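Chemist: sequence first, predicted coordinates after that:
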Amino acid sequence: MKSNLVHKVVGSQYPLWRTVLLIIVLILGLGQTYVSTHFYLLYNKANSQHHDVHHEYYISVTKPINTVASMSNPNANGFTNAEIKNIQNQDFVDRVGAFNPTLFRIVIEPPKGMGHQDFRTLLFLESLPNAFLDVDTTNFKWKEGDKYVPAIIPRSYLDLYNFGFAQSQGMPQVTEGMIKLFVFNLEVKGPKGSHKLQGKVVGFSDRINTLLTPESFVNWGNETLGSVSKSELPEQLLLKLKNPLSSDIGSFFEENQYEISKSDGAKAALTNLINYSSFYVWLNGIIVCALSIIILLLVVYLSIASSKTEIMQLFFLGYGVGKIALPFQKIAAIKLLMAAFISLPIGAVVAGMIVKNSAQLVPFNSAGFQLQLLLVFGALVLLICALVVLLIKVRIKRLSV
């Protein structure tokens with residue numbers, strides 16, 4: 001009887017239009033939270049599966065070419081040890097790697113079965129510390145007397161050959177696996193002599209836009225064959241950045257008149273921007289959800305204020321805080337859970353559209369993802385529900401004082 005009396009007092013404060021409007025607001029808030037949580041978890045799962053793409057930022061750095069200065073000073077376009085150390089000491093730089101070019105001439109001939117056998121061309125090779133490479137370096141090593149000189153080429157070079165050069169020269173198109181089987185003839189020569197060697201492609205890089213060979217081969221050739229260049233300093237550096245969005249990057253390179261790869265810088269900035277965006281999308285969802293919860297509490301508080309006289313009478317009749325608060329808590333919790341269940345299919349449809357559009361750009365293994373999403377969303381809803389129940393009890397308790 002007492003319980004019915006309390007429910008009668010509470011129920012009179014919740015007309016149908018207010019209940020429907022409140023549920024719609026909660027659906028919007030919780031639906032936004034579901035979608036933003038989905039996007040945040042989706043991106044971070046993809047992020048962990050493609051750590052290199054989203055967490056390591058590299059840019060190449062050179063000096064502006066000065067033809068007149070380089071004619072009088074072969075090292076005019078090179079970086080001194082002091083300059084490299086200064087770059088390394090910048091807060092936005094993680095580490096610096098110097099490209100070491102071959103200073104002798106290299107002539108390459110295609111292997112048998114690749115079309116024109118009279119085709120020969122000059123080639124350039126460089127080396128870079130293995131720590132900067134984005135390929136498996138197990139077979140990327142060389143010592144004098146080895147049968148093959150291993151090489152890593154940019155993946156874009158293979159596309160350029162297949163869709164440009166091969167077709168115009170009547171040569172076959174090849175896959176990455178096929179080209180690794182080919183053996184190329186190399187003729188290396190310098191002021192001190194020449195050698196005939198063989199080379200093989202052992203990897204393809206998406207990060208480095210030059211032909212790479214082990215540093216041991218470059219050093220051997222430069223020392224054994226001699227140099228046709230008088231330059232002794234590295235003319236290109238590769239920087240691993242800590243924060244590609246640092247405001248100090250542009251001012252530092254402009255102050256020192258260094259040039260950076262625009263595509264590398266833009267890609268690094270874009271990927272880091274996506275990192276921040278994924279967090280702020282999730283944060284925006286939480287804020288929208290918080291606003292809807294505040295509206296729920298305001299409606300409940302309004303009902304409590306409207307029932308203040310009846311509630312005070314219930315206190316005089318011997319009702320405790322818990323018994324009086326319970327109907328308000330039940331109504332708020334039911335509306336919250338109802339909105340959560342309705343928002344699930346709506347959020348799933350919107351989130352599915354995000355996955356469909358993102359899968360091509362950021363592929364990831366979805367195993368266990370949906371379960372993780374439901375657990376996070378469910379835990380969040382239960383946490384909100386517990387908070388609302390507690391705040392309602394606190395509000396009722398204040399009236400008893």
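Modeler: In hand now; what should we look at?

Chemist: from here on, contacts and neighbour counts on C-alpha atoms
Modeler: Will do.

Chemist: break the protein down into its domains, please.
Modeler: Following automatic domain parsing, the chain resolves into domains at 2-53+271-400, 57-261.

Chemist: those domains: lowest mean pLDDT?
Modeler: The minimum mean pLDDT among the domains of the chain belongs to domain 2-53+271-400 (a mean of 75).

Chemist: where along the stretch 101-250 of the chain do the helices fall?
Modeler: 155-160, 166-169, 176-179, 215-224, 248-256 (DSSP state H, counting those that start in this stretch).

Chemist: who's in contact with the third one?
Modeler: Applying CA atoms under 8 Å, 6 or more residues apart in numbering, the contact partners of helix 176-179 are 158, 201, 204.

Chemist: of those - the most surrounded one?
Modeler: When those are compared by neighbour count (other CA atoms under 10 Å), Val201 ends up highest, at 25 neighbours.

Chemist: surely it and Tyr148 touch.
Modeler: No. Contact criterion CA atoms under 8 Å: Val201 and Tyr148 do not qualify, at 9.6 Å.

Chemist: how far does stretch 169-181 sit from the chain's center?
Modeler: Relative to the centre of its chain, stretch 169-181 is centred 32 Å away, using CA atoms, centre = their mean, to the nearest Å.

Chemist: straight-line length of that stretch, end to end?
Modeler: With CA to CA, to the nearest Å as the measure, stretch 169-181 spans 21 Å from end to end.

Chemist: for stretch 155-168, same thing?
Modeler: Taking CA to CA as the criterion, the two ends of stretch 155-168 lie 20 Å apart.

Chemist: pull out the buried positions in that stretch.
Modeler: 155, 158-159, 161-162, 166 (16 or more other CA atoms under 10 Å).

Chemist: ok, stretch 321-330 next?
Modeler: Within stretch 321-330, the residues scored as buried using 16+ other CA under 10 Å are 321, 323-329.

Chemist: ok, of the residues you listed, which one's closest to Phe182?
Modeler: Gln329 (74.2 Å; CA to CA).

Chemist: separation between the residue of the chain positioned farthest from its centre and Asp159?
Modeler: Relative to the centre of the chain, and counting by CA atoms, centre = their mean, the farthest-placed residue is Leu317 at 62.5 Å. Distance check for Leu317 against Asp159: by CA to CA, it reads 85 Å.

Chemist: what is the lengthiest strand in the chain packed up against?
Modeler: Counting by DSSP state E, the longest strand found in the chain is strand 193-205. Applying 3 or more CA pairs under 8 Å, 6 or more residues apart in numbering; DSSP states H and E, we find strand 193-205 packed against strand 149-154, strand 184-190.

Chemist: just put the buried residues of stretch 321-330 in TSV and tack on secondary structure and distance to Ile249.
Modeler: Converted to TSV, the buried residues of stretch 321-330 look like this (DSSP: H, G, I helix; E, B strand; the rest coil; distance: CA to CA, whole Å):
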residue	secondary structure	distance to Ile249
Val321	helix	61
Lys323	helix	63
Ile324	helix	62
Ala325	helix	58
Leu326	helix	59
Pro327	helix	60
Phe328	helix	57
Gln329	helix	54
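
Chemist: coming back round to it: any idea how far the residue farthest from the centre of the chain lies from Leu344?
Modeler: Taken as CA to CA, the span from Leu317 to Leu344 is 43 Å.

Chemist: try Leu160
Modeler: 47 Å.

Chemist: what of Ala151?
Modeler: 52 Å.

Chemist: the more surrounded of those two?
Modeler: Ala151 (22 against 17).

Chemist: pretty sure that one contacts Gly203?
Modeler: Yes. Using CA under 8 Å, Ala151 is in contact with Gly203, at 7.1 Å.
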